[in-house]
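[1] Fold the following for me, if possible:
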Amino acid sequence: MWYLCVFFHRLLEYRKSEFESLAGLFEGRGGATPLEWRLPEDHHPDSPFHFVNLPSEEVAISIASRSILVKGIYELWGEGGSFEELEESIKSYPDDRKLPYISPGSTFKITVESFGKAISSEEQKDRMHKLEFISFKGRVDLKNPDHRFCLMANNDYGSNNGLPSAVQMRMFFGRELGGADRKILQTYELKSRKYLGPTAMDAEIAFLMANHGQVKPGKLVYDPFVGTGSILVAASHFGAMTMGADIDIRVVRDGRGPDCNVWSNFKQYGLPMPISLLRADNNLPPWRSGLKEIFDAIICDPPYGVRAGGRKSGGRKLLKGVIGPYTVPDDKRTDHIPSTAPYSLVECVHDLLDLGAKMLVMGGRLVYFYPILRDEGSGEPTFPEHPCFETIATCEQILSYRYSRVLVTMVKVAPYTEDIESAARAQHLEFRENHNKWMEDGNLHSAVFSPVDDVNVNGSGEKFSSKPKYRGKYV
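    Predicted coordinates:
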C-alpha cells in the first residue's frame, strides 16, 4: 500500500537509505531492501514529501517509531493543488477506510503544518475550518487522541532561502501512523555526556549508523575504533549487545578516572554495559586463529587523519626492522603504553574490510565513514570494494568545501575463503614493506588543510556565493 512519508529536511542523502534499512529490519531481511518511491506532482527530489509503497501498516508504524529522519508516515486520504481539489480527493477516498477513524466513541486531533514558511495561528484555524466537510463524529482530544490527522502543505516560499524549489502549492491530508521520537537526541546529546573525546560521534549520526546497521535486541555489535563509545551507546539503546576496541589503552582502561570513562557513559543512561572493551590494534587483530562469523554488525568511524590520525602497533625501529617483535616484561605491564606508528587510511580501510569479511555473519552489515575530497577535478568518488561485500548505500555529509565524509553501508554476501585470506595477507605485507609510500599517498590531512588559490570564480572577489539558491547536501 502507498503511504505518504514526510522527512525532516536535513541529512538528505541519509533519509531513504535509513528508511530502507529499517524496512529490511522489520521485514526480516538483512540484504538490500529497495523500496518503490514516488514523488508528488511538481516536487523537487529533495522535497520532504515522498510516497512509498510498504507491505503493511505495521511495518510503516515500526519504521516511523524507530527512524531518526522520518517526521511522519501517513495514510493519505487526499491531496490537491487547492482546497477544492483536496476536498474532491478526500471525498473520493473509500468510506470503509475512513469510517473506523471518524465514528462516534473515538477521539481525534487535527494539526496543520507547512513546509518552508511559518503560518499564523489564524491561518491554521482557517485551513482547519475548511475541513468541515469531513464528518468527524468523535470527540476532539488535543492531549491523548485515539487518532491523529494532519493537513500539510508546501507553500510558495521563494527561491533564496536554501530550500528545494516549489513549483506550486500542494496540500496533503492523512491519518498519522507515527513519527520519529527525536527527544532521544536531547537525552543523548554530547554536551551532557560525562566522557568525551575530540572525535566523539554526534548522537544523531550515531543513531543513524545504528539504524543502517539494523541493530536490534540479541545482535552483537562491534566497534574496532571505539574511542569514548558514542556508537556503541546508540547500539545499546536499541538493545544490542556491544563490544569495542581501541589502540589507545588510556581511553579504554583509564579514561579520566573511575567515574569518567567509557563505562560511565553507559551507566549515565542506564544502558547494558559492553561485553568487553579491548586494547587492540585493527592492524593486528586479537582474534584466535579459526574464529569466524561472530558479529552481526560492525559499525565504526575509522581515523582518516583530519582531526585525529590513525595509529597501529610498532614504533619506527620495529617498522624498519631494526628490532623484532618483543614481549613486555610482567613487572612493566601495568603502566606500559605500547609504541605506535602512523596508520594510513588505505591500510586502515583494507584491514577493516578484511575484519568484516572474516568476523561478520552472512548477511551482517559493515557501516563506516569514508572521507572524500571535493576538488572540482576529482571526478566521481570511488569506494572500497571486497569480494565478500555488496555496497547498498553511500550517504554523503559535507563537512567543509574541501572534503566530505560518506557513510558506506555494506552487506556480507559471500563467505571468507582461503584465497581471500591469502590475498589479504599479501596486501598486509605490501603495506608493511612500503609504509612511507602508503602514508604519503593517503595523506588526507595535507590535502584538506593545504593553502588554496584565492581565485575569484564569479568576478566579485568572493570564493563562494553568499546566497546559494539551494543548499542541498549542506543541510
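
[2] tell me the phi and psi of the closest residue to residue 304 other than its chain neighbours?
    Spatially, and ignoring its direct neighbours in sequence, residue 304 is nearest to residue 371 (4.5 Å; Cβ to Cβ, 6 or more residues apart in numbering). Quick note: C-beta positions are derived from backbone N, CA and C, even for glycine. Dihedral angles phi and psi of residue 371 (degrees, to the nearest 10) take the values phi -90, psi 150.

[3] And the pLDDT at residue 371?
    Here the pLDDT value assigned to residue 371 is 89.

[4] Same check on residue 64?
    According to the model's per-residue confidence, residue 64 sits at a pLDDT of 95.

[5] Likewise for residue 452?
    The predicted structure scores residue 452 at 52 on the pLDDT scale.

[6] go on, residue 324?
    At residue 324, the pLDDT recorded in the model is 62.

[7] Now do the SS call for the residue of the chain positioned farthest from its centre.
    No residue in the chain has its C-alpha farther from the mean C-alpha position than residue 331, which lies at 44.6 Å (Cα atoms, centre = their mean). What DSSP: H, G, I helix; E, B strand; the rest coil gives for residue 331 is helix.

[8] Can you give me the distance of it to residue 279?
    With distances taken as Cβ to Cβ, to the nearest Å, residue 331 is found 19 Å from residue 279.

[9] if we can go back for a sec, and for the residue nearest to residue 304, the neighbour number?
    Using other Cβ atoms under 10 Å, residue 371 has 19 other residues around it.

[10] Setting aside sequence neighbours, what's the nearest residue to residue 124?
    The shortest distance from residue 124 to any residue that is not its chain neighbour, by Cβ to Cβ, 6+ apart, is 4.2 Å, and that residue is residue 112.

[11] Report how many residues lie close to residue 385.
    Other residues lying near residue 385 total 11 when counted by other Cβ under 10 Å.

[12] ok, for it, nearest residue in space, not its chain neighbours?
    Leaving out its chain neighbours, residue 385 is closest to residue 391 (Cβ to Cβ, 6+ apart), at 7.3 Å.

[13] Just checking: what are the partner strands of the helix or strand that contains that neighbour?
    With the criterion set as DSSP states H and E, the secondary-structure element containing residue 391 is strand 389-398. Partner strands for strand 389-398, per DSSP bridges, with pairing direction: strand 403-412 (antiparallel).

[14] Tell me how far the residue most central in space within the chain lies from residue 234.
    Within the chain, one residue has its C-alpha closest to the average C-alpha position: by Cα atoms, centre = their mean, that is residue 208, at 3.0 Å. From residue 208 across to residue 234, the span is 9 Å (Cβ to Cβ).

[15] try residue 413
    In this structure, residue 413 and residue 234 are 25 Å apart, going by Cβ to Cβ.

[16] Among the two, which residue is more densely surrounded?
    In terms of neighbours (other Cβ under 10 Å), residue 234 is the more surrounded of residue 413 and residue 234; the figures are 29 against 15.

[17] Run through the stretch 301-450 of the chain and note the low-pLDDT ranges.
    Residue ranges of the stretch 301-450 of the chain with pLDDT under 70: 305-308, 315-326, 376-378, 435-450.

[18] ranges for the helices of it?
    If DSSP state H, counting those that start in this stretch is used as the criterion, the helices of the stretch 301-450 of the chain fall at 316-320, 345-359, 418-433, 435-441, 444-449.

[19] now the stretch 101-250 of the chain
    Using DSSP H, counting those that start in this stretch, the helices of the stretch 101-250 of the chain run over 121-129, 183-187, 203-212, 230-237, 249.

[20] Return the residues in contact with residue 102.
    By Cβ atoms under 8 Å, 6 or more residues apart in numbering, the residues touching residue 102 are 108, 134-138.

[21] Return the member of these nearest to residue 290.
    Distances from the contacts of residue 102 to residue 290 were compared by Cβ to Cβ; the smallest belongs to residue 108, at 60.5 Å.

[22] For that closest one, name its beta-bridge partners.
    According to DSSP bridges, the partner residues bridging residue 108 are residue 140, residue 147.

[23] neighbours around it, how many?
    Applying the criterion other Cβ under 10 Å, we find 19 residues in the vicinity of residue 108.

[24] Would you mind confirming that residue 292 makes contact with residue 420?
    No. Between residue 292 and residue 420 there is no contact, the gap being 11.8 Å when judged by Cβ atoms under 8 Å.

[25] okay, the two: which has more neighbours?
    Neighbours of residue 292 and residue 420, each counted by other Cβ under 10 Å, are more numerous for residue 420; the result is 17 against 12.

[26] related to what we said a few turns ago, what distance do you get for the residue nearest to the centre of the chain to residue 428?
    Between residue 208 and residue 428 the distance, using Cβ to Cβ, works out to 32 Å.

[27] most neighbours per residue, which of the helices of the stretch 101-250 of the chain?
    Relative to the other members of the helices of the stretch 101-250 of the chain, helix 230-237 carries the highest mean neighbour count by mean count of other Cβ atoms under 10 Å, namely a mean of 26.

[28] Compute the inter-axis angle for that helix and helix 203-212.
    Angular relation of helix 230-237 and helix 203-212 on a 0 to 180 degree scale: 60 degrees, by axes from the mean of the first three to the mean of the last three Cα atoms, to 10 degrees.

[29] Which neighbouring elements make contact with helix 230-237?
    Using 3 or more Cβ pairs under 8 Å, 6 or more residues apart in numbering; DSSP states H and E as the contact criterion, the neighbours of helix 230-237 among helices and strands are helix 203-212, strand 220-223, strand 241-246, helix 262-268, strand 295-300.

[30] Redo those as CSV? Include mean pLDDT and distance to residue 255.
    Listed next are the helices and strands packed on helix 230-237 as CSV, based on pLDDT from 0 to 100; distance: least, Cβ to Cβ, whole Å:
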stretch, mean pLDDT, distance to residue 255
helix 203-212, 97, 19
strand 220-223, 98, 16
strand 241-246, 96, 11
helix 262-268, 95, 6
strand 295-300, 97, 19
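
[31] could I get these as a markdown table with distance to residue 26?
    Output for these, formatted as a markdown table (distance: least, Cβ to Cβ, whole Å):
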| stretch | distance to residue 26 |
| --- | --- |
| helix 203-212 | 11 |
| strand 220-223 | 18 |
| strand 241-246 | 20 |
| helix 262-268 | 26 |
| strand 295-300 | 16 |
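
[32] Which among the ones you listed is found nearest to residue 62?
    helix 203-212 (11.9 Å).

[33] Could you give the number of residues near the residue nearest to residue 420 when sequence neighbours are not counted?
    Closest residue in space to residue 420, ignoring its immediate chain neighbours: residue 387 at 6.0 Å, by Cβ to Cβ, 6+ apart. When counting by other Cβ under 10 Å, one arrives at 14 neighbours for residue 387.

[34] what about residue 406, neighbour count?
    The local packing of residue 406 (other Cβ under 10 Å) involves 17 other residues.

[35] what sits against it?
    For residue 406, the set of contacting residues under the criterion of Cβ under 8 Å, 6+ apart consists of 369-372, 381, 383, 394-397.
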